[in-house]
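> quick one, what's the 3D model for this:
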Amino acid sequence: MQKKAKNILTVIAVVLLVIIAAYATRHNEAQAPTVSQEITKAPGGLIPTRNTPSGISFNYPESFGTQYVTATDWPPQVRVLDTSYSCADEGSQTGPSGRTEKRIIEGTEHCVTTLSEGAAGSTYTTYSYVFEKDKKTVEISFTARSVQCLNYDEPQATRCQAEQKLFNADDFAASVARSLTLPK
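Below you'll find the model as predicted:
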């Protein structure tokens, strides 16, 4: 009798988790900004995007072009902030607010915040690049998923580690920033 009760409780718990996950997924999709995407690609294979509510236009690649580092929360989010640009180095990449530091990328100062969290054999790193463009403060944000390379056998584990070491989120953010057109 106790075993049957445990099985019933387990089934109920699994059903509740599925319902909660489905609700969270739908809730997140409902809050995502409306982005229209054209079928044709911009020069360099980038996808042109126009964020219609804010009038921001930018190009982004379909992917990072990597096997072991993949983009999530796609396409990247680009928005104009209602604050003046400032940056202070602080925090830890695995801390609750992430690690923030100043970086010069293609001659422009960026305030870069990274926040990493592990889940189910992967590390998810959220990147936020804040900088000035046309006297406005702009943020480009996206999340990259890096798999746990040690879950693979050789030689795949070594290829995975090499690819992750070479991955440079700054290059990706710079390509989006170069293509950025802000509303007047």
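
> and the strands in the protein, which stretches?
Assigned strands in the chain, in chain order: 36-37, 47-51, 56-60, 69-81, 90-91, 99-105, 108-119, 122-133, 136-147 (criterion: DSSP state E).

> from the chain's centroid, how far away is the second one?
Distance of strand 47-51 from its chain centroid, counting by Cα atoms, centre = their mean, to the nearest Å, is 17 Å.

> give me the sheet partners of it and which way each runs.
Strand pairing for strand 47-51, determined by DSSP bridges: strand 36-37 (antiparallel), strand 56-60 (antiparallel).

> measure the residue positioned nearest the centre of the chain to E62 for me?
The geometric centre of the chain, computed from its C-alpha atoms, lies nearest to T143 (Cα atoms, centre = their mean), at 1.7 Å. Applying Cβ to Cβ, to the nearest Å, one obtains 16 Å for the distance of T143 from E62. The way it works is simple: take the backbone N, C-alpha and C, and place the C-beta from them, glycine included.

> deepest-packed of the strands of the chain, please.
With neighbours defined as mean count of other Cβ atoms under 10 Å, the strands of the chain peak in mean count at strand 56-60, which reaches a mean of 20.

> what is the rounded mean pLDDT of it?
Strand 56-60 carries an average pLDDT of 91.

> can you offset everything so residue one is 42?
Renumbered: residue one is now 42, and that last one reads strand 97-101.

> thought E204 was touching T107, still the case?
Yes - between T107 and E204 there is a contact under Cβ atoms under 8 Å: 5.5 Å.

> returning to what we had before: dump the strands of the chain to JSON lines, plus distance to A215.
Formatted as JSON lines, the strands of the chain follow (distance: least, Cβ to Cβ, whole Å):
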{"stretch": "strand 77-78", "distance to A215": "21"}
{"stretch": "strand 88-92", "distance to A215": "17"}
{"stretch": "strand 97-101", "distance to A215": "12"}
{"stretch": "strand 110-122", "distance to A215": "12"}
{"stretch": "strand 131-132", "distance to A215": "23"}
{"stretch": "strand 140-146", "distance to A215": "5"}
{"stretch": "strand 149-160", "distance to A215": "9"}
{"stretch": "strand 163-174", "distance to A215": "9"}
{"stretch": "strand 177-188", "distance to A215": "9"}
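
> these: which one's closest to F208?
For these, the distance to F208 is smallest for strand 110-122, at 4.6 Å, taking Cβ to Cβ.

> partners of the closest one in the sheet?
Under the criterion DSSP bridges, strand 110-122 sits next to strand 177-188 (antiparallel) in its sheet.

> tilt between the strand it pairs with and strand 163-174?
When axes from the mean of the first three to the mean of the last three Cα atoms, to 10 degrees is applied, the directions of strand 177-188 and strand 163-174 differ by 160 degrees.
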